[in-house]
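Visitor: what follows is a protein structure lacking sequence information:
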């Protein structure tokens, strides 16, 4: 899936271009725009040799190429004269950030002095504005309609790591767009290099949340640009333009809006879960066990035993009855418990079984069941209780009831209980919201990476821990 | 500092260091060279074309712990553009060049070629041609050639280590490495020269007395 390229509803002013024509140098009328006071002037001026419009050069001394803001003709001003490189006669495009507009981004005031419309072979077009401040040099302001990024050219070379990404200024960038060909479709304003419509360059992009590292190679040079994604309100505050319209896929370097929240919620949920587990074991568990052992014949005959008295003092409490029949095999013990209050005669009933089987078949030895089981009574009122146990053991061997080997069943009653099912339910409840936000984060990341030439989507390889 | 008079127009000119024997007269743009005790007009330079560089003669700053002052400039141009090399006199009387191109700065000082370890530079010094994109070793550091072209002196001002005149040709090779280090190789009539240093932003030089430019707020540090 690729994103819908932003629509270009602006008229293409490029009619006929006389690029082949080598225009004679126009009579030079370049002059400095004088200012009052001691400050150095900030601009020089001349008349477009094609249309006569007054052009101001804002980055005098750096600018070598100008596309006239009135007629679009491309002029070479690298020498004292002004030479027409390409003559155009059509009305120029209206720019979202008009040439000459100024805005303060991240503490530095910038003037818009140049504009490039670029694309990949006329698809996926994007706007690139050149910003200038004499004390801070140049910056690039890029948008494809989904958001704005502020870029600066690097003077260090990013370091290539084994992981097919690049590290610059101590931060790792993963590959996003593979090498592709970008072209210039339209130019306006002034540039420190010789601009030309149709000029091509190879590009590749690497990203990390909030930042993009772009490689660009043309016939003359290789350049790296590091761009930071701006918040929508930053452009509104700086240049008074409307925030980018939303929708479409996330930008390659757009940080997941869920990641931080998911992380925080997950941490909170883990703390809560730890607290719940702690409370369960602190206030769970059993005390005051009383045990009786019943000797069974394992012939199916019921035998009875009684444990008591059991004094329950709290208004409501849990009681755990557990049974163990060590050493039984291919045998089961049916157990019925009656918890009887001595004064009121109220009875609480439960039943359970202890069973264990083993044998040998084509897949080898097998066994199932265990030699123990436990039953829980909850919300038992205070009182003096007896536990009546009815136990019956049976043995099964080679497809039939077998003669008794006998078995000892050890029955223990104790106050309190640990309800593990409640614990698991509580943990799920506590973790669910965090897991939901985490899921949304993963979904965002997968949408973001869906436009990448390097797939992704197969894992969450965010390696930045917060 | 030594005060003299321009042999062409009589205006006062200054020589701050014996290592900097040339001066461009601020009044008549004559290139004046000091030979022994004598002053000689070698030629003339054109008036500097207007630019909005934030640097001016008198801008001061600090580089590698040494204070410096900008005392001269040579402006070089080629078919794709032009740049400024600002001459910086350090407090120990050595000098370096603050090179300003496309809004980016690098400070470089001369490294005597005969003491430089690096085959490529030795070959270039002997007349060999570098290629853009070529990787070269200089004193154990790996550099990439980013530009190699003939340039011409457009204009100059102030004090200089050589007598620049307009039209003077120089073959200039720019190199950079992964860590922001920069190297320039130059070959001109008087022979080859190698300059090494690093890229930096203006604020890293703690500059003072930057050039005030109309309509632009000077950075807090620059006044």
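Guide: Noted; the coordinates are in hand. Owing to the predicted nature of the structure, the values given are computational and were not obtained by experimental measurement. Numbers count the residues shown, from 1 in each chain, chains lettered A, B, ... in the order given.
Visitor: and the pLDDT at the closest residue to residue B:177 other than its chain neighbours?
Guide: For residue B:177, ignoring the flanking residues on the chain, the nearest one in space by CB to CB, 6 or more residues apart in numbering or on different chains is residue B:143 at 4.8 Å. Heads up, the C-betas are built off the backbone N, CA and C, glycines and all. The predicted structure scores residue B:143 at 90 on the pLDDT scale.
Visitor: by proximity to chain B, which residue of chain A wins?
Guide: Using CB to the nearest CB, the single residue of chain A nearest to chain B is residue A:61, 2.3 Å away.
Visitor: quick revisit: what residues of the helix or strand containing the residue nearest to residue B:177 count as buried?
Guide: Assigned by DSSP states H and E, residue B:143 belongs to strand B:141-160. For strand B:141-160, the buried set under the neighbour-count rule, 16 or more other CB atoms under 10 Å in any protein chain shown, comprises B:141, B:143-148, B:151, B:153-160.
Visitor: packing partners of the lengthiest helix in chain A?
Guide: The longest helix of chain A (DSSP state H) is helix A:420-449. Counting contacts by 3 or more CB pairs under 8 Å, 6 or more residues apart in numbering or on different chains; DSSP states H and E, helix A:420-449 is packed against helix A:259-283.
Visitor: next one: the helix it packs on to chain centre, how far?
Guide: Centroid separation between helix A:259-283 and its chain, computed with CA atoms, centre = their mean, to the nearest Å, is 21 Å.
Visitor: likewise for stretch B:205-216?
Guide: Between the mean C-alpha position of stretch B:205-216 and that of its chain there is a distance of 19 Å (CA atoms, centre = their mean).
Visitor: compute the first-to-last residue distance for that stretch.
Guide: 20 Å (CA to CA, to the nearest Å).
Visitor: point out the residues in the stretch 101-250 of chain A that sit beside chain B.
Guide: With the criterion set to CB under 8 Å from any CB of the partner chain, the stretch 101-250 of chain A comes near chain B through A:109, A:132-138, A:153, A:155-159, A:192-194, A:220-222.
Visitor: try 6 Å this time
Guide: A:134-135, A:137-138, A:155-157, A:192, A:194 (CB under 6 Å from any CB of the partner chain).
Visitor: quick check: the farthest pair among those residues?
Guide: Using CB to CB, the two most remote members of those are A:134 and A:157, lying 26.8 Å apart.
Visitor: who's more crowded, those two?
Guide: When neighbours are counted by other CB atoms under 10 Å in any protein chain shown, residue A:134 comes out ahead of the other of residue A:134 and residue A:157, with 25 against 17.
Visitor: okay, the more buried one: pLDDT?
Guide: The predicted structure scores residue A:134 at 96 on the pLDDT scale.
Visitor: from memory it sits against residue B:215, does it?
Guide: No - applying CB atoms under 6 Å, one finds residue A:134 not in contact with residue B:215, separated by 9.7 Å.
Visitor: can you list the domains in chain B?
Guide: B:2-44, B:60-204 (automatic domain parsing).
Visitor: out of those domains, which is the most enclosed?
Guide: A comparison of the domains of chain B by mean neighbour count, using mean count of other CB atoms under 10 Å in any protein chain shown, puts domain B:60-204 on top with a mean of 18.
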